[in-house]
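Engineer: Just to be clear, the model below is a prediction. Sequence and coordinates:
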Amino acid sequence: MGLHSVSWRVNVSALDRADLIHDSLKWIAGEKSSINITKDKSFHGAEQHTIVAKNMNKKDSRRSLERLGYEILIELLENNIQQRLDEDKNFYIRLKLSDLVKGEISLADGNTISSTVEGKFKIESYPGDSTINVISNLIEDIIKSSK
């Protein structure tokens, strides 16, 4: 078992380099991902865009998780993975946008004040399966294969 899909989402202002962010999301989600950009207004009325990269391919979704790298995957396993799961079998990750556009991966935490990119992985699990075990086993498998 593995993943059904992945989506990466970020809100950007009109001042941000949307093209650079677009390319970064395309890289992390996979070249075959679809990109959707919607224009909106922020709470204060300023123009903002939401960029969402979705990939519905199971193999590409796994590759997106693999792109996080060995250190990040170890960190995810060691830091209460259950907090990143919801009741709909989704696994959430937040990355620092400023690092992603530089081609680096770093997890955002509660103290991160800069913009973040939200990753949502749909876990492939069935009745009777533990989503925690499925995602943990998948991450462990990726770690073993990256050595």
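Structural biologist: That came through, no problem. Numbers count the residues shown, from 1 in each chain.

Engineer: Please work out how many residues are found near E104.
Structural biologist: Around E104 there are 11 other residues, counting by other CB atoms under 10 Å. Bear in mind the C-beta positions are built from the backbone N, C-alpha and C, glycine included.

Engineer: Low-confidence ranges, this structure, go.
Structural biologist: 1, 147 (pLDDT under 70).

Engineer: In it, where's the longest helix?
Structural biologist: helix 131-146 (DSSP state H).

Engineer: where along the protein do the strands fall?
Structural biologist: 3-13, 34-41, 47-55, 90-96, 116-123 (DSSP state E).

Engineer: Let's check: the centremost residue of this structure is which one?
Structural biologist: Most central residue of the chain, judged by C-alpha distance to the mean C-alpha position with CA atoms, centre = their mean, is G119 at 2.1 Å.

Engineer: Please report how far the spatially closest residue to Y92 that is not a sequence neighbour lies from A14.
Structural biologist: Nearest residue to Y92 in three dimensions, chain neighbours excluded: R84, at 5.0 Å (CB to CB, 6 or more residues apart in numbering). With distances taken as CB to CB, to the nearest Å, R84 is found 31 Å from A14.

Engineer: who has more neighbours, those two?
Structural biologist: More crowded of R84 and A14, by other CB under 10 Å: R84, with 17 against 11.

Engineer: The more buried one and L77 touch, don't they?
Structural biologist: No: applying CB atoms under 8 Å, one finds R84 not in contact with L77, separated by 10.8 Å.

Engineer: Return the residues in contact with the residue lying closest to A29 once chain neighbours are set aside.
Structural biologist: Once flanking residues are discounted, A29 sits nearest to A53: 3.7 Å by CB to CB, 6+ apart. The neighbourhood of A53, defined by CB atoms under 8 Å, 6 or more residues apart in numbering, consists of S7, W8, R9, L25, K26, I28, A29, S33, S34, I35.
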